[in-house]
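Enquirer: pasted the sequence and its predicted model underneath.
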Amino acid sequence: MLPLPLLLLAVLLPGGDSGPAFQGPTTFHLNQISSFANSSWAQNQGSGWLGDVQIQGWDNEAGTAIFLKPWSKGNLSDEEVTELVELFRVYLIGFVRVVQDHVSEFQLTYPFEIQGTAGCELREGKATVSFLRGALGGVDFVSLRNGTCVPAAEGSSRAQWFCSLFTQYQGISDIIQKLLYHTCPRYLWSVLEAGKEELQRQVKPKAWLSSGPPPGPDRLLLVCHVLGFYPKPVWVRWMRGQQELPGAQQGDILPNADGTWYLRVTLDVAAGEAAGLACRVRHSSLGNQDIVLYWGKSTSLTVILLAVILPTLILLICLALWFWRRWSYQNIL
């Protein structure tokens, strides 16, 4: 049986020379999810990720790769793309067939799902770390360490049987090591160079405070909203002076349509203890200038509302006075 993301890794990884240095640790990885409903139905999903940005996908119905960014091919030529997409299509067909042929040896019961991830990471000083992991039903199954198949403790005897089978295929092991330790880092440099304008952009966050539904009598739910920031890593805390307050609840960092991110952090406090609390936001785009919003003081949202509502009220008052004076003048005539 082939390792889970074996040819999946090959599909989107070209060769080529190393590109210029790219600041900060960056990871490229490919995910494969294969769902088996019964002996005659299976579905594959594939995706390629640069950090937390998806740059590649797979259309299972059409049997073709989807390049989600103009630069997500790296330095691949059109001919290489056509060849590798076909390789990926053949691999997925073969993967399903091999798994279904070995269901009894693996003691699998339909339905089940297999997950695989493989890729490489650039560390400080241009060091590269590669990885390959497989899971069965969301539970760790096997991993690859220095070219050796290692069964996970959760994988039980099935994982051990898989690794013993894997060791019989030295040619496959050599291909995997080449892809992980040679091709993947070269592709990663290539795609980082091609997409550096987007990947290295900095978008400053906007932040405001609001209150949520009261958690209970004499309680307040303070909400700190942070919107429109890029890249994704952000630090948001509720503070009293320089002390971080425990008990804050951070939601998921959610994507916006323009590629930026949104985060909401809440804090449940007694109503009498809210005064003087602040939400502090740190982000790479801000440099050393944190955003600090104090509860009870004018927030950016309040300022925006006043900027819109106050001129409108003044305009309405002026219109009312003008109509009143005109009406009075007509009555006098």
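Expert: Nice, thanks for sending it over. Please read all numbers here as calculations on a predicted model, not as lab measurements.
Enquirer: strands of the stretch 51-200 of the chain, start to end?
Expert: 53-59, 64-67, 112-122, 128-136, 139-145, 148-151 (DSSP state E, counting those that start in this stretch).
Enquirer: for L209, see how far away the residue nearest in space to the middle of the chain is.
Expert: Centroid-nearest residue in the chain: D52, 3.1 Å away (criterion: CA atoms, centre = their mean). Per CB to CB, to the nearest Å, D52 is found 27 Å from L209. Where you see a C-beta, it was placed from the backbone N, CA and C, and this is true even at glycine.
Enquirer: just the element for the residue nearest to I114 when sequence neighbours are not counted, please.
Expert: Nearest residue to I114 in three dimensions, chain neighbours excluded: S34, at 4.6 Å (CB to CB, 6 or more residues apart in numbering). Per DSSP states H and E: S34 is located in strand 26-38.
Enquirer: strand partners (parallel or antiparallel) of that strand?
Expert: The pairing partners recorded for strand 26-38 under DSSP bridges are strand 41-50 (antiparallel), strand 112-122 (antiparallel).
Enquirer: can you list those strands in JSON lines and add distance to R201?
Expert: Below are those laid out as JSON lines (distance: least, CB to CB, whole Å):
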{"stretch": "strand 41-50", "distance to R201": "14"}
{"stretch": "strand 112-122", "distance to R201": "19"}
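Enquirer: of these, which is nearest V269?
Expert: strand 41-50 (37.9 Å; CB to CB).
Enquirer: mean confidence for the closest one?
Expert: Confidence for strand 41-50, expressed as mean pLDDT, is 94.
Enquirer: do stretch 316-333 as well
Expert: 64.
Enquirer: what's the answer for stretch 280-299, then?
Expert: On average, stretch 280-299 scores 89.
Enquirer: now tell me what touches it from outside.
Expert: By CB atoms under 8 Å, 6 or more residues apart in numbering, the residues outside stretch 280-299 that reach it are 202-205, 207-209, 222, 224, 226, 229-231, 233-239, 274-279, 300, 306.
Enquirer: what is the neighbour count of Q289?
Expert: 10 (other CB atoms under 10 Å).
Enquirer: quick one, helices of the stretch 201-333 of the chain?
Expert: Assignment of helices within the stretch 201-333 of the chain using DSSP state H, counting those that start in this stretch yields the ranges 300-332.
Enquirer: all strands for it, in order.
Expert: 206-211, 219-229, 235-240, 243-244, 249-250, 254-255, 261-270, 277-282, 291-294.
Enquirer: any weak-confidence spans in the stretch 1-150 of the chain?
Expert: 1-25, 125 (pLDDT under 70).
Enquirer: if we can go back for a sec, give me the buried positions along the strand holding S34.
Expert: 26-32, 34, 36 (16 or more other CB atoms under 10 Å).
Enquirer: now the phi/psi pair for G247, please.
Expert: phi 90, psi 0 (degrees, to the nearest 10).
Enquirer: that one: what's it in contact with?
Expert: 267-268.
Enquirer: not counting sequence-adjacent ones, nearest residue to V129?
Expert: E121 (4.8 Å).
Enquirer: got it, and A152?
Expert: Going by CB to CB, 6+ apart, A152 has D140 as its nearest residue, at 3.8 Å.
Enquirer: what is the burial count for the one you found?
Expert: The number of residues near D140, taken as other CB under 10 Å, comes to 16.
Enquirer: partner residues bridging it?
Expert: Applying DSSP bridges, one finds that D140 bridges with A135.
Enquirer: just to revisit the earlier point, adding distance to R133, write the buried residues of strand 26-38 out as TSV.
Expert: Below are those laid out as TSV (distance: CB to CB, whole Å):
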residue	distance to R133
T26	19
T27	13
F28	15
H29	10
L30	11
N31	10
Q32	11
S34	15
F36	19
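Enquirer: want to throw the strands of the stretch 51-200 of the chain into CSV with distance to S190?
Expert: Output for the strands of the stretch 51-200 of the chain, formatted as CSV (distance: least, CB to CB, whole Å):
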stretch, distance to S190
strand 53-59, 12
strand 64-67, 14
strand 112-122, 12
strand 128-136, 14
strand 139-145, 23
strand 148-151, 28
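Enquirer: for V99, which of those strands is the nearest?
Expert: strand 112-122 (6.9 Å).
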